[in-house]
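Participant: here's my sequence, what's the structure:
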Amino acid sequence: MRLVVTFHTTAESISMEKKCRAEGVPGRLIPVPRQISAGCGLAWSVSAEEGEVVKAFIAGKNLQFEDMGEYWI
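Facilitator: As a prediction, this is how the structure comes out:
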């Protein structure tokens, strides 16, 4: 099970990656899985166990995203 965060634009996904890497937040960019529809072709993926860390980071940094959910991928 993975937490997948989708974005409206590629710029939002790249911003997420840059900020997460700088602060050691877990996860990585992946192509959006087929079962998910998103405006951008990239998504942030992290194990469900580490999902709360990513959710708190997004909220704390006020990062823009389209949607997030847990999926078997």
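Participant: which non-adjacent residue is nearest the residue most central in space within the chain?
Facilitator: In the chain, the centroid-proximal residue (CA atoms, centre = their mean) is residue 44; its distance is 2.7 Å. The shortest distance from residue 44 to any non-neighbouring residue, by CB to CB, 6 or more residues apart in numbering, is to residue 5 (4.1 Å). Heads up, the C-betas are built off the backbone N, CA and C, glycines and all.
Participant: is it true that the one you found touches residue 17?
Facilitator: No - look at residue 5 against residue 17 with CB atoms under 8 Å: they stay out of range, at 10.9 Å.
Participant: give me the more crowded residue out of those two.
Facilitator: When residue 5 and residue 17 are compared on other CB atoms under 10 Å, the one with more neighbours turns out to be residue 5, at 25 against 16.
Participant: so the more buried one belongs to a strand, correct?
Facilitator: Yes - according to DSSP: H, G, I helix; E, B strand; the rest coil, residue 5 belongs to a strand.
Participant: okay, it: pLDDT?
Facilitator: The pLDDT attached to residue 5 in the predicted structure is 97.
Participant: ok, what's across the strand from it?
Facilitator: Residue 5 has these beta-bridge partners by DSSP bridges: residue 44, residue 68.
Participant: contacts only, for it.
Facilitator: The neighbours of residue 5, taking CB atoms under 8 Å, 6 or more residues apart in numbering as the test, are 16, 43-45, 54, 58, 65, 67-68.
Participant: 10 Å instead?
Facilitator: For residue 5, the contacting residues are 12-13, 16, 27, 29, 38, 42-46, 51, 54-55, 58, 63, 65-69, by CB atoms under 10 Å, 6 or more residues apart in numbering.
Participant: how far off centre is the longest helix seen in the chain?
Facilitator: Longest helix of the chain, by residue count under DSSP state H: helix 10-23. The chain centre lies 9 Å from the centre of helix 10-23; the measure is CA atoms, centre = their mean, to the nearest Å.
Participant: I appreciate the help and will end here.
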